[in-house]
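[1] Sequence and predicted structure below; questions after.
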2 protein chains.
Amino acid sequence: MKSRPTIIDVAERAGVSKSTVSRVVADDGQGVSDRARERVEKAIEELGYVPNAVASSMRTARTNTIMLAIPDITNPYWPEVARGVQDVMDEEGYSVVFANSDWNTHRERKYLEMVRRNRLDGLLINPVGVSNDELKALAVPTVVLGLQQGITDFDIVGSNSYTASKTALDHLVSLGHRRIGLIWGQRQGRVKGPRLSAYTDFLRDAGIEQDENLIVSMPFSLAGGVEGMGRLLELERRPTAVYCDNDIIAIGALQAANNAGLRVPEDISVTGVDDIFAASTTTPPLTTVSKPKYDLGRQASRFLLEHIDQGTPDAPRTLLLSCQLRVRGSTAPPG
Amino acid sequence: MKSRPTIIDVAERAGVSKSTVSRVVADDGQGVSDRARERVEKAIEELGYVPNAVASSMRTARTNTIMLAIPDITNPYWPEVARGVQDVMDEEGYSVVFANSDWNTHRERKYLEMVRRNRLDGLLINPVGVSNDELKALAVPTVVLGLQQGITDFDIVGSNSYTASKTALDHLVSLGHRRIGLIWGQRQGRVKGPRLSAYTDFLRDAGIEQDENLIVSMPFSLAGGVEGMGRLLELERRPTAVYCDNDIIAIGALQAANNAGLRVPEDISVTGVDDIFAASTTTPPLTTVSKPKYDLGRQASRFLLEHIDQGTPDAPRTLLLSCQLRVRGSTAPPG
DNA sequence: TTGTAAGCGTTATCAT
DNA sequence: ATGATAACGCTTACAA
């Protein structure tokens, strides 16, 4: 049971030095005679030689591996983002290590340490607890996924939910709605939410009277949506439409409306945000604001690769991809 | 801009040798005096030393990293499996690299090569094209996810869909259905499907007349489900219930039934397999066979870790986790 | 208990 | 165009 052939075995077999073998493997178009190249390639073939990336990393201080740290791959929002990341990294010959922080700062910190120990080349992160400074202390090329309060020194790639929310609200208003509820998702004390300000700003600009009672704050879950819609339906003056902070909440709201014997959209309209798969399979299918999830992953990856190759640029950029309103069946003029 | 401190820096600062530092870092409870340990720990602290895993791998020939190769993380079935893998690997200090083959054998082969180059410690794979022999040639601890035809030399962790299908069929029959359609998912010429045999076997055992027309084969997609249900509804003698090969197909079938003006479950019952998130949010919610996706990931990981730690066992095992029937709203006695 | 020293498989520098 | 040779940072016999 002899172990894997090394560059030396190849060199011996080809009758050249390690250096030459290394040169043909690197394939930089460096100076190697055709004759030498041929013999080396033949030897590689015969021995089934596969270069040892670990040894290479040792010398070059590059691992060609990055980490993607997100809260939870099980949340229907993330797989597409992950796929975007995966695809561009793959093209560029990078491996991507996945990490699920589970909204747990402690776990998240462990991942940062893993990045250091394993000398990963970069980090793509949707931070749930770590600060701008901690990220800075990591001293590794980093791009942040999603708009985050307090992130000032890194490139950020997110989506323009402020504008997107306005589009959705505009859709509702143009249908004739004036009394619009908001089920707003609780983030753990971070971003107060472009979506909340979009709501307030929009209503003000549209000259619609604001009503504190129409705003409820709920966890990002089906149950949160159910509960939130429940609250809204208890109101004396019910909303005719409800704008939910994400699709999962919206689906919960849809269910609550159904359970209360209301028809959607005839009796009440509902909209969500994200456009996860399940949003298209409800009855009625959910009108929602589609986030460019896949592209978000791709763009963030491109930025990260730039940082890795060309060093972190002087001024951090914020790239906001635009969202798209997908009008489906859950919205209609007020009954 | 000095680079990261190495074990030598720590040694110097603590006034000991590298070996000693290495010993306290390894923390094997090896012979190290309390005094030495203290000084080393202090030095590590002060310097902010983080061991270089790459260098370590170089010596130990272990990377503490495995690869999870699946067709597509975007398919709602996989994220939970991935999460299971992630969680146990995390506990054991392993990183997991993700790879999406996209049902492309070529891509899949590239991933196998990546496993070699990067000297990964193990592979968890749902093979889409590579053969048992190719996997064997990899010579890396491997566990296969999902029952696969032709895999003879590896541990397999899957779910008992044969039994599960029978349970679902039994549910339908006990509700009174006798004419049960099957929308069967096309795999790329691999497993003919325990689900198909389950169907045939079950009907035979239940003394129900078989009808070729009730079996249609479709791609694993929403469109496939729509189309499949369409075919079934064109039949002179329509089925009163349809058993679908997975939830996505079932959801498509549900939509087709709705579009045809049929009520589910009053006019026709529908069941799926997998229990993806969207299955619980349709109207009516889908009765389905729930696969132990998370556990599947966990179990497969445990097997893999055994192989890594104790070497590949003599006889490959096949572990079939059992599925659970989830009766929801899409099934009822025939109208 | 501690230290010395020999690798691990590459890449990069410097001669030739 | 090619070859010696010195790192890279760690682990692990073996010696002391």
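    Perfect, thanks for sending it. Numbering: from 1, shown residues only, chains lettered A, B, ... in the order given.

[2] From now on I want contacts and neighbour counts done on CA atoms only, so please keep to that.
    Will do.

[3] Pretty sure A:A14 sits against A:R39.
    Yes: the pair A:A14 / A:R39 is scored as a contact, 5.3 Å apart, by C-alpha atoms under 8 Å.

[4] If you count surrounding residues, which of the two has more?
    Each of A:A14 and A:R39 has its neighbours counted (other C-alpha atoms under 10 Å in any protein chain shown); A:A14 has more, 21 against 18.

[5] and A:G176, how far is that from A:I268?
    Distance, A:G176 to A:I268, by C-alpha to C-alpha, to the nearest Å: 12 Å.

[6] And those two? Which one has more around it.
    Counted by other C-alpha under 10 Å, A:G176 and A:I268 do not tie: A:I268 has more neighbours, with 23 against 15.

[7] residue contacts, the more buried one?
    By C-alpha atoms under 8 Å, 6 or more residues apart in numbering or on different chains, A:I268 lies in contact with A:P239, A:T240, A:A241, A:V242, A:A257, A:L262, A:T331, A:P334, A:G335.

[8] tell me the contacts of the spatially closest residue to the third one that is not a sequence neighbour?
    The spatial neighbour of A:A241 that comes closest, neighbours along the chain excluded (C-alpha to C-alpha, 6 or more residues apart in numbering or on different chains), is A:S269 at 4.3 Å. With contacts taken as C-alpha under 8 Å, 6+ apart, A:S269 has the following neighbours: A:T240, A:A241, A:V242, A:S330, A:T331, A:A332, A:P333, A:P334.

[9] now swap in A:V81 and tell me
    A:K293, A:Y294, A:D295, A:L296, A:G297, A:R298.

[10] That one is in what secondary structure piece?
    A:V81 belongs to helix A:78-91 when assigned by DSSP states H and E.

[11] what's the distance between that helix and the middle of its chain?
    On the basis of C-alpha atoms, centre = their mean, to the nearest Å, helix A:78-91 sits 9 Å off its chain's mean C-alpha point.

[12] Following that helix in sequence, what is the next regular element?
    Sequence-wise, the next helix or strand downstream of helix A:78-91 (DSSP H and E) is strand A:95-100.

[13] any idea of the pLDDT on A:G193?
    pLDDT recorded at A:G193 is 66.

[14] typed the wrong thing, it's A:Q210
    Listed pLDDT for A:Q210 reads 92.

[15] surely it meets A:L203?
    Yes: counting by C-alpha under 8 Å, A:Q210 touches A:L203, with 6.9 Å between them.

[16] So between these two, which is more surrounded?
    Comparing A:Q210 with A:L203 by other C-alpha under 10 Å, the one with more neighbours is A:L203, at 20 against 16.

[17] quick one, what contacts that one?
    So A:L203 contacts A:E209, A:Q210 (C-alpha under 8 Å, 6+ apart).

[18] And the lowest-mean-pLDDT helix or strand in chain A, what's buried?
    Lowest on mean pLDDT, DSSP states H and E among the helices and strands of chain A sits helix A:194-205, with a mean of 88. By 16 or more other C-alpha atoms under 10 Å in any protein chain shown, the buried positions in helix A:194-205 come out as A:P194, A:R195, A:L196, A:A198, A:Y199, A:T200, A:F202, A:L203.

[19] how near is the third one to DNA strand C?
    Okay, so that is A:L196. According to C-alpha to the nearest atom of the strand, to the nearest Å, A:L196 stands 50 Å off from DNA strand C.

[20] check which helix or strand covers A:L112.
    Element membership of A:L112 [criterion: DSSP H and E] is helix A:105-117.

[21] ok, then the element right after that helix?
    strand A:122-125.

[22] one step back: overlap of the contact sets of A:G176 and A:I268?
    Taking C-alpha under 8 Å, 6+ apart as the criterion, A:G176 and A:I268 both touch A:P334.

[23] which parts of chain A sit against DNA strand C?
    Contact residues (C-alpha under 7 Å from any atom of the strand) of chain A with DNA strand C: A:4-8, A:18-19, A:22-23, A:25-26, A:50-53, A:55-56, A:58-60.

[24] Now a ChimeraX select for only the buried ones of those.
    Buried residues within the residues of chain A next to DNA strand C, by 16+ other C-alpha under 10 Å, are selected in ChimeraX with:
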select /A:6,7,18,22,23,25,50,51,52,53,55,56,58
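
[25] among the residues of chain A next to DNA strand C, which are in helices?
    Under the assignment DSSP state H, those contribute A:7-8, A:18-19, A:22-23, A:25-26, A:53, A:55-56, A:58-60 to helices.

[26] Of all pairs in those, which one is the farthest apart?
    Maximum pairwise distance in those, criterion C-alpha to C-alpha, is 18.7 Å, between A:I8 and A:T60.

[27] Look through the stretch 151-300 of chain A and state the residue closest to DNA strand C.
    Closest to DNA strand C within the stretch 151-300 of chain A is A:A300: 26.6 Å, counting by C-alpha to the nearest atom of the strand.

[28] Can you say which helix or strand has that residue in it?
    If you go by DSSP H and E, A:A300 is part of helix A:293-310.

[29] That helix vs helix A:78-91, what angle?
    40 degrees (axes from the mean of the first three to the mean of the last three C-alpha atoms, to 10 degrees).

[30] who does whichever helix or strand comes after helix A:293-310 pair up with?
    The element immediately downstream of helix A:293-310 (helix or strand, assigned by DSSP H and E) is strand A:318-321. Taking DSSP bridges as the criterion, strand A:318-321 forms sheet pairs with strand A:155-159 (parallel).

[31] would you put the C-alpha positions of the strand it pairs with in PDB?
    What follows is strand A:155-159, C-alpha atoms only, in PDB (Å, rounded to 0.1, in the frame of the first residue of the first chain):
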ATOM      1  CA  ASP A 155     -18.300  45.700   0.900                       C
ATOM      2  CA  ILE A 156     -21.900  45.000   1.300                       C
ATOM      3  CA  VAL A 157     -24.100  43.300  -1.300                       C
ATOM      4  CA  GLY A 158     -27.800  43.400  -0.500                       C
ATOM      5  CA  SER A 159     -31.100  44.100  -2.200                       C
END
